[in-house]
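> Structure, please.
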Amino acid sequence: MTHKATCQTCKTFATFSSRRVIASEDLPPFLALNASVYSDENLELWLDSRNQRFLPPKVEIRGQTGEDFDAMSATYEVRSLVVKITTKDRSHLVSLVKGACMIS
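Predicted structure coming up:
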């Protein structure tokens, strides 16, 4: 990720890059994702090559240890979506939840 900030050494405005590394075993059991799609430009970031789906039904995330990717991974299944619908004069939230059946 890159960001702009003032360098504390030379006091000039510069572009910095940063990276956060987390091991797969430390990934959370549930993942909340905010797409922040408030414009056509933001929507383009989430569309796939066919301009259809912004998120697949399952997402696999592989953590890192140092410079190498973990052999382990965490798979997250999309279980619900909350969408804000906005028109010129009002807005409201719509939630879509996929039910689960647990058999013991």
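
> Do a quick rundown of the strands in this protein.
Per DSSP state E, the chain carries strands over the ranges 2-6, 13-17, 58-61, 64-65, 68-69, 74-77, 80-86, 91-97.

> which one of these has the most crowded surroundings?
Comparing the strands of the chain by mean neighbour count (mean count of other Cβ atoms under 10 Å), strand 64-65 ranks first with a mean of 14. All C-beta atoms are positioned from the backbone trio N, CA, C, and that covers glycine.

> Tabulate the strands of the chain (TSV), appending mean pLDDT and distance to residue 26.
Converted to TSV, the strands of the chain look like this (pLDDT from 0 to 100; distance: least, Cβ to Cβ, whole Å):
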stretch	mean pLDDT	distance to residue 26
strand 2-6	77	24
strand 13-17	80	23
strand 58-61	81	11
strand 64-65	74	10
strand 68-69	73	14
strand 74-77	84	10
strand 80-86	81	24
strand 91-97	84	27
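
> so which of the ones you listed gets nearest residue 40?
Within those, the stretch nearest residue 40 is strand 80-86; the backing value is 13.6 Å (Cβ to Cβ).
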